[in-house]
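Colleague: coords please:
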Amino acid sequence: MARRHPVAHDYRLVPAATAVWATALAGLFLSWQAAVLIGLAAGAVGLTAWRRAWWPKTCAIALLLSGPVAGAWVGGHVLRAETHPLRLAADEGRTTTLTAQLSTRPRGIRAAGFGGHQAGVDHVVVTATANGATIVILAPAERWQDLLPGQEVTVKGSLAPPRPGDLTSALLRVRGPPLNPQPPPAWQRWADHLRDGLSKASATLDAEEAGLLPALVVGDTEHMVPRIVDEFRTAGLSHLLAVSGANLAIICGAVYLLLRKTGPRKAAAGALVALVGFVVLTGPEPSVLRAAVMGAVALLALFLGRERSALPSLATAILVLVLVDPALGADPGFALSVTATAALVLVAPRWSRRLKERGVPQGVAEALAVSTVASLATAPLVVGLSGQISLVSVVANLLVAPVVAPATVLGVVAAAVAPLYPPAAEVVVHVAGPAVTWLVLVGRHAATVPGAAVSWPEGWTGGLLLAAATAVVFLLLRNKKTRVLTVAVLLGGFVALVPLRTIAPMWPPDGWKVVSCDVGQGDALVLATDEADRAVVIDTGPDPGAVDRCLKTLGIRRIPLIVLSHLHADHIGGLQAALAGRAVGAVAVGPLKEPAWAWREVVKQANANGVRVLEPKAGERFAWPGLELEVLGPRRPPVVAETNTVVNDYSLVLRATTPVGRVLLTGDVELAGQAALLGERDLAADVLKVPHHGSRNSLPAFLKRVRPRVALVSVGTGNRYGHPSPHVIDALRAGGALVLRTDKDGDLAVLPGNRVVRRKRRNNDGPGLDQAPQRPLPDPRRHARLRLGPVAARLPRHPVAARRTETRLRLLPLRNTRRRHPRPHLPGPHDPRPAADRGHHPRRRLRPRGTARVR
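Modeller: Model prediction:
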């Protein structure tokens, strides 16, 4: 018979667990004295509650004992970390050699590609112990990423102070490989062998599924495609990429169900063995240990059928874990697990019961209650960490819930079988393939929903603000008098967050012919043909997700030609996304096949998608309805060099003829490449893709010859390269160009009739639209007073001369930076200089500074 009354939970250990957690937070973020004070204060409250019988005796005694113990324990750990000799050496930035024992597996840090640097994991972070202190090692990925916990290594590097909020004494920056690595424990080698087996078996799937399955099963994100990570974050599914209590509950529950016919005790023992084995498989990292305890709590509540035991078990887990490792008190994963588990124990059963009372089927009611409660409870923490609110997370989690358990179980089976018989593991992985593909599809479609995520202040302020807002809304909804008004306000806010133009988007604008995609620090430009879903793509940016988003919003399904101006990572990084799911005719590349790794990657991706690779020569033409392309350069034979400047100067330079006029596509050509183009009889263009993201390596003579009406600068927000150069922007505006930048204006569309439309993208708002009104082209007379200076007009126009003076020319844009608007030179009565050098030139007011001579 179904239970009609709510369960009365046992809260006796909750005050003690809260006090221990608060003590740890005070010690980690304030000082060891704060930890001691909080612990003593908690003990005093417990003593008073015991004497005056405020609470049950067990509750008061638990608080009385745990408070002072936590204060002394946490305070001692914090004091020891702050006064350790390594901390003192770190404050002075000393170099040292240590023998360290690794505590965790190396975790890769993914770097975005730019120039000749390939995108991917180039450094790892690993926690270790040395001389009785906890240190964090930042090291190159090579030869470090294969180390295992428990290994002892000798490291040499420079010390630096650690970040606040943990018990780390120092950060050790290492540049070389580990010295004298000792063999890891046998059980670590066994676990690593299982993980490698799962990874190799998963490689038989497509790249996205092959990286997702190990992440789902054992938290191994080494081979994850960045696009999947971004989509899961937007869709609110990122929790699936880390090992959590849900994984352990699935595995242990499956083992228990298989063994339940042998009796409850044997089944429980088998589930416990599975739990320990799963912890060994994933590695003894703090997040895994925390997930193990949380999974054990869920199993106790499920198997014993005693929901009253869930809350005391959760409180006990907090007490034990935080006292054993006080650093867990500040771990975001720990906070997320505790919050989600508490919400599922306290709130989810009540919501599920009320839904069933209103006629909702039991299974649907429970799934909806669990997903909604977990999302709402963890929302303040997620917002504080990511700065965005996912509006599709509840629906996305409901859709993936049926396939998570089968995929996890099959993945563990594949890992266990792989060392014994790899072909069998591959068969199991293929059985799990449809479930993993479903996860990818749900994440992708949820992330592309208009307004899927909205921005919110991050950090403590944003988290507390959202928590307060959620609490106020909850209280207002409980009050019958304010319920209707609250619902109306919420609907109005939803309309404000997800505007009608998002549902019926104004992007792309009708009749667009050129679009510069906002792909961050890189290039991606789309040229339309007369066929609605067909366009030519020039470069694909550094990020697969960004260029895929742009092409999807434009409705591009057929690409007759993808042109890669040169093989730098910020121009080819999104090639795979552009090829996937679209009919592509060919990929065109320039004559210089450097860097070698990039050329191999382009050929590999093109062959995998059955697309041929072309090498167009200067003078070749391509034509489609409404679009013509002419290759202008490079005309020089390729040289054997891999420097960024040489690769940039060998960019493919194209001239497109479109209904908006001529469009000059310059790749990243610098001084020598631009000087070589000056030999063309007619360089004039209506639209200019500004070379090299608007860097200062631009010839004023080249910009003057092009004299565009619209200048598009594809550049990333806050990039570390100083792009675009203000001097180049001033030079373009002085020539009468309307300068638009993707970092400030978002996606940029050029239309016939001298019209420009921009689509701003707010931070973390997903595909939210902010369309600017159509902007007329500027009057060149507005910039009549902006001059380039006397030296700029004398720049050499011959390619050889440009190469010889390349080093000197790079310094030219830095002239007069101390005083952007210098006062007119007032010569003395005996000044022997000619009038032009005295600042009286009839056309120039800027005089050359004597301290910046150029020969």
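Colleague: please name the nearest non-neighbouring residue to residue 82.
Modeller: residue 32 (7.0 Å; CB to CB, 6 or more residues apart in numbering). C-beta here means a position set from N, CA and C on the backbone, and glycine is covered the same way.
Colleague: count the residues that sit near the one you found.
Modeller: Neighbour count for residue 32, taken as other CB atoms under 10 Å: 21.
Colleague: quick one: it and residue 603, what's the gap?
Modeller: 58 Å (CB to CB, to the nearest Å).
Colleague: gap between residue 480 and residue 144?
Modeller: Residue 480 is 61 Å from residue 144, by CB to CB.
Colleague: I meant residue 363, not that one.
Modeller: In terms of CB to CB, residue 363 sits 47 Å off from residue 144.
Colleague: and those two? Which one has more around it.
Modeller: A side-by-side neighbour count of residue 363 and residue 144, using other CB under 10 Å, places residue 144 first with 24 against 8.
Colleague: pretty sure that one contacts residue 124?
Modeller: Yes: if you go by CB atoms under 8 Å, residue 144 and residue 124 touch, sitting 5.1 Å apart.
Colleague: anything in contact with each of the two?
Modeller: Common contact partners of residue 144 and residue 124 (CB atoms under 8 Å, 6 or more residues apart in numbering): residue 106.
Colleague: tell me where the stretch 401-550 of the chain has helices.
Modeller: Remark: helices assigned in the stretch 401-550 of the chain by DSSP state H, counting those that start in this stretch are 422-447, 459-478, 480-497, 500-503, 544-554.
Colleague: once you drop chain neighbours, what's closest to the residue most central in space within the chain?
Modeller: Nearest to the mean C-alpha position of the chain, counting by CA atoms, centre = their mean, stands residue 230 at 6.1 Å. Nearest residue to residue 230 in three dimensions, chain neighbours excluded: residue 545, at 4.8 Å (CB to CB, 6+ apart).
Colleague: do the same with residue 266
Modeller: Nearest residue to residue 266, sequence neighbours excluded (CB to CB, 6+ apart): residue 259, at 5.9 Å.
Colleague: ok, now residue 405?
Modeller: That would be residue 250: by CB to CB, 6+ apart, it lies 4.8 Å from residue 405.
Colleague: now residue 26
Modeller: Closest residue in space to residue 26, ignoring its immediate chain neighbours: residue 34 at 4.1 Å, by CB to CB, 6+ apart.
Colleague: count the neighbours of the one you found for me.
Modeller: The burial count for residue 34: 19, using other CB under 10 Å.
Colleague: where does this protein dip in pLDDT?
Modeller: Scanning the chain for pLDDT under 70 picks out 1-8, 111-120, 245, 264-265, 284-291, 294-309, 451, 493-506, 640-642, 761-855.
Colleague: so residue 127 versus residue 521, what's the distance?
Modeller: Distance from residue 127 to residue 521, by CB to CB: 31 Å.
Colleague: residues touching residue 369, list them.
Modeller: 348-349, 351-352, 355 are the contacts of residue 369 under CB under 8 Å, 6+ apart.
Colleague: on that earlier part again, hang on, isn't the residue nearest to residue 230 packed against residue 577?
Modeller: Yes: between residue 545 and residue 577 a contact is recorded at 6.9 Å, counting by CB under 8 Å.
Colleague: okay, and the common contacts of these two?
Modeller: residue 227.
Colleague: what pairs with the longest strand seen in the chain, and is each one parallel or antiparallel?
Modeller: Counting residues, the longest strand in the chain under DSSP state E turns out to be strand 120-130. Sheet pairing of strand 120-130 (DSSP bridges) gives strand 95-102 (antiparallel), strand 107-111 (antiparallel), strand 133-140 (antiparallel).
Colleague: restricting to C-alpha, output the one helix or strand the residue nearest to the centre of the chain maps to in PDB.
Modeller: Taking DSSP states H and E as the definition, one finds residue 230 inside helix 226-235. Extracted C-alpha coordinates of helix 226-235, given in PDB (Å, rounded to 0.1, in the frame of the first residue of the first chain):
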ATOM      1  CA  PRO A 226      35.800  20.600 -27.600                       C
ATOM      2  CA  ARG A 227      32.500  21.100 -29.500                       C
ATOM      3  CA  ILE A 228      30.800  18.500 -27.400                       C
ATOM      4  CA  VAL A 229      32.100  20.100 -24.200                       C
ATOM      5  CA  ASP A 230      30.700  23.500 -25.100                       C
ATOM      6  CA  GLU A 231      27.300  22.000 -26.200                       C
ATOM      7  CA  PHE A 232      26.900  20.000 -23.100                       C
ATOM      8  CA  ARG A 233      27.700  23.100 -21.000                       C
ATOM      9  CA  THR A 234      25.100  25.100 -22.700                       C
ATOM     10  CA  ALA A 235      22.500  22.300 -22.500                       C
END
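Colleague: quick revisit: helices and strands around the strand or helix carrying the residue nearest to residue 405, which ones?
Modeller: Using DSSP H and E, residue 250 falls within helix 245-259. Identification of packing neighbours for helix 245-259 by 3 or more CB pairs under 8 Å, 6 or more residues apart in numbering; DSSP states H and E yields helix 264-282, helix 286-303, helix 393-417.
Colleague: that helix: which residues count as buried?
Modeller: Under the neighbour-count criterion of 16 or more other CB atoms under 10 Å, helix 245-259 has 245-256, 259 buried.
Colleague: go through these and name the one nearest residue 311.
Modeller: When the buried residues of helix 245-259 are ranked by distance to residue 311 (CB to CB), residue 245 comes first, at 15.1 Å.
Colleague: picking up where we left off before, give me the contacts around the longest strand of the chain.
Modeller: For strand 120-130, using CB under 8 Å, 6+ apart, the contacting residues are 86, 98-111, 113, 134-141, 144-145, 147, 168, 222.
Colleague: just the buried subset of the residues you listed, please.
Modeller: 86, 98, 100, 102-106, 108, 113, 134-139, 141, 144-145, 147, 168, 222.
Colleague: OK, contacts around residue 397?
Modeller: So residue 397 contacts 236-237, 371, 374-375 (CB under 8 Å, 6+ apart).
Colleague: how does it look with 10 Å?
Modeller: Contact analysis of residue 397 by CB atoms under 10 Å, 6 or more residues apart in numbering lists 235-237, 239-240, 367, 370-372, 374-375, 390, 404, 442, 446.
Colleague: check residue 199 too.
Modeller: Residue 199 neighbours (CB under 10 Å, 6+ apart): 210-211, 213-214, 218, 220, 222-223, 415, 418.
Colleague: and with 8 Å instead?
Modeller: Residue 199 touches 214, 220, 222-223, counting by CB under 8 Å, 6+ apart.
Colleague: again with residue 355
Modeller: 364-365, 368-369.
Colleague: for residue 741, list each beta-bridge partner.
Modeller: Under the criterion used (DSSP bridges), residue 741 bridges to residue 713.
Colleague: looking at the strands paired with strand 120-130, spot the one closest to residue 666.
Modeller: Per CB to CB, nearest to residue 666 of those: strand 107-111, 26.4 Å.
Colleague: tilt between the closest one and helix 226-235?
Modeller: 100 degrees (axes from the mean of the first three to the mean of the last three CA atoms, to 10 degrees).
Colleague: let's see stretch 562-570 as CSV, backbone CA atoms only.
Modeller: Presented in CSV, the C-alpha positions along stretch 562-570 are these (Å, rounded to 0.1, in the frame of the first residue of the first chain):
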residue,chain,number,x,y,z
ILE,A,562,36.2,25.7,-48.6
VAL,A,563,39.3,28.0,-48.9
LEU,A,564,42.0,27.7,-46.2
SER,A,565,44.0,30.9,-46.8
HIS,A,566,47.0,29.3,-44.9
LEU,A,567,47.5,26.5,-42.4
HIS,A,568,47.5,28.2,-39.1
ALA,A,569,45.3,26.9,-36.3
ASP,A,570,43.1,29.9,-36.1
